[in-house]
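**Student:** The sequence and its predicted three-dimensional model are supplied below.
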Amino acid sequence: MDRIVIAVSNDTLRESVSAMIRKNGLFLRASVSNGAAAIREMRLMEGGILICSPRLPDTTSDQMARALEESVYFLVIGRPDDLSHCRNEDCFKLPLPVNASGLLGSVRILQQLDERRQAAMRRASRRSGEDKRLIRDAKAYLMEARGMSEDQAHRFLQKQSMDTATPVAEIARMIVANE
């Protein structure tokens, strides 16, 4: 599985983290020193895991998280005072100095989450027309009744699905039925 990208501007730290990942049997898609290259790689993969520092020469981890939306799991590594600048709640943080067990444990958890997301995306692509209609109707209801944007309504359905281990179409069916 080569859905891991490292984006750290400090050459020594980038090489150290890359070596820890490779030494433990994990594969890297890329190891880069700037945000633009990281974003490009993540978009080519349509998701995955991005291990990055809070600040890169051309961007921050928060800006990358906004650019990549929720298709990427972020593991931000840096000094504790630098990590405080990473305000995105969806980013996992790991303070320096990084040890191999902490890094690998975090990466493996993120790999499991990424695999679940990929499986959900595959299931979503196989949804029936009826399921798609239910999801569309549930999003429309959430947008109108709760003032959500389409993106917020979509995330709400996904979160409810993940939290309850219930398919998104079933969550949508319940919302439409209670409408």
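**Tutor:** Happy to help now that I have it. Source: prediction; values computed, not measured.
**Student:** Please count neighbours and contacts with C-alpha atoms only from this point.
**Tutor:** OK.
**Student:** Tell me the buried residues in the lowest-mean-pLDDT helix or strand in the chain?
**Tutor:** The helix or strand of the chain with the poorest confidence is helix 100-125; it has a mean of 87 (mean pLDDT, DSSP states H and E). For helix 100-125, a neighbour-count test (16 or more other CA atoms under 10 Å) marks 100, 103-104, 107, 110-111, 114, 117-118, 120 as buried.
**Student:** same thing with stretch 158-175?
**Tutor:** So stretch 158-175, judged by 16+ other CA under 10 Å, has buried residues 158, 161, 167-169, 171-173, 175.
**Student:** Compute the inter-axis angle for the strand ranked longest in the chain and helix 100-125.
**Tutor:** Across the chain, the strand with the greatest residue count (assigned by DSSP state E) is strand 72-78. Orientation of strand 72-78 against helix 100-125 (axes from the mean of the first three to the mean of the last three CA atoms, to 10 degrees) gives an angle of 160 degrees.
**Student:** out of the buried residues of stretch 158-175, who's nearest residue 46?
**Tutor:** Among those, residue 158 lies closest to residue 46 (CA to CA), at 17.4 Å.
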